[in-house]
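S.K.: Output the structure for:
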Amino acid sequence: MLPTNRSPGILYAFVAALILGTVLGSVVQTQINLLALRNLGVDIDASTRLATTVQDLVSFGPVYAAILGVSLAASQSLAVALAKWAGPRWLITLCVLGAAFGLWAAVRLVDALAPMPTLIAATRGGMGMLAMAASAAVAGWVFGRLFVNSDSEAKARSIVPLIGLFSIGGLLVPAEVQADDNYQVETVADGLEHPWSLAFLPDGRMLVTERPGRLRLISADGSLVSTPVAGLPDDIFAEGQTGLLEVLPARDFDQSQQLFLSYSCGDAEANHLCLARARLPGNEDRLVEVEEIFRTQPAKAGAAHFGGRMTWLPDETLILTFGDGFDYREQAQKLDNHLGSIFRLNRDGSTPKDNPFHGQAEIKSEIYSYGHRNVQGLVFDPTRQRLIGHEHGPRGGDEINIIASGANYGWPIATHGLDYTWAHVTPFKDYPGTVQPILHWTPSIAPSGMTLYDGTLFPEWQGSLMVGALVDKSVHRVTFEDNQAVDQERLFEELDERIRDVKTGPDGALYLLTDAPDGRVLRVMPKPQP
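M.R.: I've put the predicted structure just below:
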């Protein structure tokens, strides 16, 4: 039978195992993440490695302790119960195996419930998950050894209530709220399911994409056409962050009637970002001559970080953004694939011959810039002749960048943000050979659509970037001073809506899309003066 009436107590055994397991697991995850950077050729000296390990122990450790604590409480309770049936000699073995399997199950459960595909980056691969499980197994061994010297078997049941003591929480820092009495917001259309992109047609109509895979028309009189536009590509993959993304009319739409659609295609196990070209004739509500003209390679799994924003350059080439796929972040530094890049394409989907990597072996010639995490805001500034993009950081580190041909924007080698678990993605905020952002936000605002306001209705906004924010539920007005961006103010926070897209309308008004199951198109107009 199991030993009874001895010390140390069961609580001591549990706490000792949890502390050791937390320290080991935190150290292991840091080394795995740093190894991924070393494999990219990043130089990490011993002092940087040590400092990052200690910092992660302080910041990531509590998060990991919560996950490990729940898994240990459950797995070790089960191990003790099984040992009573199998015999005391199996106790330590069952504790070791239970702790390893319990952590694996807890991590996979958290991944299934969390909005991101993988919460702990070190567990993205099989070897990383095995190493983390091995660290938990050591904790199980410690618990088993101490338990045989613990008080009575009845106290083993006291482990179970510990499960309720562990939970993961976030620190929400409210941003300053500012009021503006110079505008009013009116609803143009509602009843849209997670609208993603807004575009204006020369005849006064508007196009809106719905992420689940529908293209909607708003007539020139402002009414939403009840029937979605027919003829969309039939392989749109809509799940999580994926689906139908941007719609971009050709600059000569009056003559060509052409528009371009970015969307995810494939399925959950093998998907791509696709670009299609089509025509929308006259006043019809059906696309014709639909053809896929570009598809990212290789296929990847998961439904996160697809980018998908588009804009035109003055030479009539098309810029298209693509995210890192979340679990594939190191690929953003490798030019033999499309992940984490911005592309420059001809109107037929071919590669311009003056692209920075055109004709170079083993490099995807469509790549215009790389080292991006998830670019979801894109504009061309005709006054300063520059391309501006913003991208999501993880926990902080959202960026605005001036996009230059052939440049490396650092992800995941350099970032101002931490991972969602407060672990370090990298020790470096800047790194030689990478471009620093002209503005970054920490904590994250989750930037979305963006426009460079050039309307006439709001002279005080002229030349400002208007950046939609999902988490921040507002629009940030950003201006430029000495080639640096300055976040001037938050607008429209009174709406309390996730802002997915921001556009300057041909009427000079500012248009917003709200990201919700019952999303809206909003028009911002000056408030009438008394």
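
S.K.: What score does Pro117 have for pLDDT?
M.R.: On the pLDDT scale, Pro117 is placed at 94.

S.K.: Not counting sequence-adjacent ones, nearest residue to the residue nearest in space to the middle of the chain?
M.R.: Residue closest to the average C-alpha location in the chain (Cα atoms, centre = their mean): His305, at 5.2 Å. Spatial nearest neighbour of His305, excluding adjacent residues (Cβ to Cβ, 6 or more residues apart in numbering): Gly323 at 3.1 Å. All C-beta atoms are positioned from the backbone trio N, CA, C, and that covers glycine.

S.K.: residues contacting that neighbour?
M.R.: By Cβ atoms under 8 Å, 6 or more residues apart in numbering, Gly323 lies in contact with Ala304, His305, Phe306, Gly307, Leu339, Gly340, His372, Arg373, Asn374, Val375.

S.K.: try it again with 6 Å
M.R.: His305, Phe306, Gly307, Asn374 (Cβ atoms under 6 Å, 6 or more residues apart in numbering).

S.K.: From Asp496, how far out is it?
M.R.: Noted for Gly323: a distance of 27 Å to Asp496, by Cβ to Cβ, to the nearest Å.

S.K.: for Val288, same thing?
M.R.: Noted for Val288: a distance of 41 Å to Asp496, by Cβ to Cβ.

S.K.: neighbour count winner among those two?
M.R.: Just comparing Val288 and Asp496: by other Cβ atoms under 10 Å the higher neighbour count belongs to Val288, 12 against 9.

S.K.: Report the beta-bridge partner residues of the closest residue to that one other than its chain neighbours.
M.R.: Nearest residue to Val288, sequence neighbours excluded (Cβ to Cβ, 6+ apart): Arg279, at 5.2 Å. Counting by DSSP bridges, Arg279 forms beta bridges with Gln258, Val288.

S.K.: quick one: Arg279 and Gln255 touch, right?
M.R.: No. Look at Arg279 against Gln255 with Cβ atoms under 6 Å: they stay out of range, at 11.1 Å.

S.K.: So which of these two has more stuff around it?
M.R.: Arg279 (18 against 8).

S.K.: contacting residues for that one?
M.R.: Contacts of Arg279 by Cβ under 6 Å, 6+ apart are Gln257, Gln258, Val288, Glu289.

S.K.: between those residues, which is closest to Val379?
M.R.: Gln258 (20.8 Å; Cβ to Cβ).

S.K.: gap between the closest one and Trp90?
M.R.: From Gln258 over to Trp90 the distance is 70 Å, taken as Cβ to Cβ.

S.K.: Return the distance of the lengthiest helix in the chain from the chain's centre.
M.R.: Longest helix in the chain by number of residues (criterion: DSSP state H): helix 46-86. Its chain's C-alpha centre and that of helix 46-86 lie 26 Å apart, by Cα atoms, centre = their mean, to the nearest Å.

S.K.: Kindly give the local confidence score, pLDDT, for the residue nearest to the centre of the chain.
M.R.: pLDDT, His305: 97.

S.K.: Mind checking what secondary structure it has?
M.R.: Three-state assignment for His305 (DSSP: H, G, I helix; E, B strand; the rest coil): coil.

S.K.: got the contact list for it?
M.R.: Contact analysis of His305 by Cβ under 6 Å, 6+ apart lists Gly323, Asp324, Gly325, Phe326, Asn374.

S.K.: Could you do Tyr328 as well?
M.R.: Contacts of Tyr328 (Cβ under 6 Å, 6+ apart): Leu339.

S.K.: Next, the buried residues of stretch 118-133.
M.R.: Buried positions in stretch 118-133, judged by neighbour count with 16 or more other Cβ atoms under 10 Å: Thr118, Leu119, Ile120, Ala121, Ala122, Thr123, Arg124, Gly128, Met129, Ala131, Met132, Ala133.
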